[in-house]
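**Student:** sequence below, structure please.
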Amino acid sequence: MSKISTFITRGDNIESVHGIKCIVLNKKKEILLSTNNNKDLIFPRSSIKIFQALPFILSGATKKYNLNSKQVALACSSHTGENFHLIDLKNWFEKLKIKMNNLKCGIHNPINLASSDKLLLSGNKPDQLHNNCSGKHLAMLSSCLVNNYNLNNYLETNHPHQKKIRDILELYMNKKINKKNYSVDGCSAPQYAFELKDLSEGLINLISSYNNKFAFNYEIKFLINNILNNPMMIGGKKRFDSELIKICNRKLFCKGGAEGVFLFAHLKKEIAGVIKVIDGNERAVPSAVAAILKKLKITSQEENYNLKIWLNSFIYNHAKTITGKIFTKIN
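**Tutor:** All right, here's what the predicted structure looks like:
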């Protein structure tokens with residue numbers, strides 16, 4: 001058993017500590033690293049969007065609406081609402097010929113601060129497309145339109161599209177979802193709790209799909225390749241999942257989720273991991289993930305060099321003065 005902790009310092013003193021839950025498996029589903037939280041339930045949140053997007057791909061909506069590679073990546077995204085995101089989101093939305101209030105994800109300002117400031121200064125207000133989950137919701141609605149499903153209740157757990165997503169999740173996790181583990185995500189879509197080990201095995205099965213050894217080979221390869229080709233679309237500038245995909249140069253797929261969740265799948269080495277910050281603070285994620293990748297030699301020396309700013313990052317105050325740093329220890 002390993003113990004993983006991410007430390008926040010101020011000056012020379014430790015100010016805060018974030019505990020990390022983690023499990024990493026190889027292609028034989030053997031444990032390479034574990035904090036002995038394998039059976040702990042977590043809500044993976046946005047980190048499982050690739051599984052939620054699979055019924056959308058299977059529906060044929062990408063062909064019907066002539067969606068491009070960036071829009072396919074946006075279906076799996078937690079985008080930051082930057083201009084390059086909104087261009088393709090608006091184009092996709094217009095192709096569907098639906099109303100903005102058909103998207104039930106809710107409204108918030110762009111996550112990217114510069115984009116949020118620009119929107120405010122323009123005198124315009126955010127709409128549903130600015131929601132970081134709007135790509136996932138456009139994908140759901142696109143699939144519903146192709147299948148002639150009701151759009152008004154597409155987020156209800158008994159809706160046929162949500163049942164298809166649940167079937168996919170149960171297939172990859174090899175576990176029936178108990179109804180007591182049903183919940184609702186921040187964007188109002190159904191969300192389900194899984195054990196860490198189930199999620200890690202689901203990622204190994206995802207890698208197997210990518211390598212033609214599990215279900216939906218073509219569709220998974222199509223989804224992942226579009227993400228690898230457009231890493232900025234699933235997050236944005238200075239977002240750790242987008243940057244990690246770029247650094248690993250098409251060898252690693254990853255996705256973050258709210259409350260300090262992060263999933264990764266190395267497509268070449270066939271190693272997958274699940275990370276959960278115990279207190280949910282997302283600032284601990286980059287350092288913890290970079291430390292795990294380095295310890296297990298999943299990333300190369302060159303990749304570790306490019307990850308060093310995430311592994312041990314400085315903390316700045318509003319005057320741009322360094323006040324401390326973030327680093328992770330694995331014992």
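**Student:** nearest spatial neighbour of Asn83, chain-adjacent residues omitted?
**Tutor:** Using Cβ to Cβ, 6 or more residues apart in numbering and skipping the chain neighbours, the partner closest in space to Asn83 is Ser115 (6.7 Å). (C-beta placed from N, C-alpha, C; glycine too.)
**Student:** residues near that neighbour, how many?
**Tutor:** 22 (other Cβ atoms under 10 Å).
**Student:** verify the stated contact: Phe216 with Leu206.
**Tutor:** No. Counting by Cβ atoms under 8 Å, Phe216 stays clear of Leu206, with 9.6 Å between them.
**Student:** what's the residue nearest to Asn83 sitting at in phi/psi?
**Tutor:** Ser115 has phi and psi values of phi -70, psi -40 when expressed as degrees, to the nearest 10.
**Student:** what sits against it?
**Tutor:** When contacts are counted by Cβ atoms under 8 Å, 6 or more residues apart in numbering, Ser115 touches 80-83.
**Student:** now those residues: which count as buried?
**Tutor:** Neighbour-count burial (16 or more other Cβ atoms under 10 Å) applied to the contacts of Ser115 gives 80-82.
**Student:** hang on, the earlier thing: Phe216 and Leu206 - which one has more neighbours?
**Tutor:** Set Phe216 next to Leu206 and count neighbours by other Cβ under 10 Å: Leu206 wins out with 25 against 18.
**Student:** just to be sure, Thr9 is in a helix?
**Tutor:** No. Counting by DSSP: H, G, I helix; E, B strand; the rest coil, one finds Thr9 to be strand, located in no helix.
**Student:** look up phi and psi at the closest residue to it other than its chain neighbours.
**Tutor:** Closest residue to Thr9 apart from its sequence neighbours, by Cβ to Cβ, 6+ apart: Gly324 at 4.0 Å. Gly324 adopts backbone torsions of phi 180, psi -160, taken as degrees, to the nearest 10.
**Student:** surely Gly324 meets Ser16?
**Tutor:** No. Using Cβ under 8 Å, Gly324 is not in contact with Ser16, being 9.5 Å away.
**Student:** can you check the pLDDT for Phe93?
**Tutor:** Per-residue pLDDT puts Phe93 at 98.
**Student:** ok, it touching Leu129?
**Tutor:** Yes. In this structure, Phe93 is within contact of Leu129 by Cβ under 8 Å, at 6.3 Å.
**Student:** quick check: neighbours shared by those two?
**Tutor:** Here Phe93 and Leu129 have Met100 as joint contacts, going by Cβ under 8 Å, 6+ apart.
**Student:** on that earlier part again, how about TSV for the buried ones among the contacts of Ser115, with distance to Ile309 added?
**Tutor:** Formatted as TSV, these follow (distance: Cβ to Cβ, whole Å):
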residue	distance to Ile309
Thr80	19
Gly81	24
Glu82	21
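**Student:** more crowded one of Gly324 and Ser16?
**Tutor:** Shown here are Gly324 and Ser16; by other Cβ under 10 Å, Gly324 has more neighbours (20 against 15).
**Student:** could you dump the contacts of Ser115 to TSV with secondary structure?
**Tutor:** Listed next are the contacts of Ser115 as TSV, based on three-state DSSP:
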residue	secondary structure
Thr80	coil
Gly81	coil
Glu82	coil
Asn83	helix
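**Student:** next helix or strand past the strand or helix carrying Ser5?
**Tutor:** Assigned by DSSP states H and E, Ser5 belongs to strand 4-10. On the C-terminal side of strand 4-10, the nearest following helix or strand under DSSP H and E is strand 13-25.
**Student:** hmm, who's touching that next one?
**Tutor:** For strand 13-25, contacts defined as Cβ under 8 Å, 6+ apart pick out 2, 4-9, 31-35, 37-38, 40, 42, 196-197, 200-201, 203-204, 260, 271-279, 281, 283-284, 288, 292, 296, 324, 328.
**Student:** repeat the analysis, applying 7 Å as the threshold.
**Tutor:** Here strand 13-25 makes contact (Cβ atoms under 7 Å, 6 or more residues apart in numbering) with 4-9, 31-35, 37-38, 40, 196-197, 200-201, 204, 271-279, 281, 284, 288, 292, 296, 324.
**Student:** show the buried residues in the residues you listed.
**Tutor:** Among the contacts of strand 13-25, those buried by neighbour count (16+ other Cβ under 10 Å) are 4-9, 32-35, 37-38, 40, 196-197, 200-201, 204, 271-278, 284, 288, 292, 296, 324.
**Student:** which neighbours do Gly324 and Ser16 share?
**Tutor:** The contact sets of Gly324 and Ser16 overlap at Ile8 (Cβ under 7 Å, 6+ apart).
**Student:** what number of residues lie near the residue nearest to Asn181 when sequence neighbours are not counted?
**Tutor:** Nearest non-adjacent residue to Asn181, counting by Cβ to Cβ, 6+ apart: Ala193, 4.0 Å away. Neighbour count for Ala193, taken as other Cβ under 10 Å: 16.
**Student:** and Ala193, what does it touch?
**Tutor:** Counting by Cβ under 7 Å, 6+ apart, Ala193 makes contact with 41-43, 181, 183.
**Student:** next step: the residues you listed restricted to helices.
**Tutor:** Judged by DSSP state H, the subset of these located in helices is empty.
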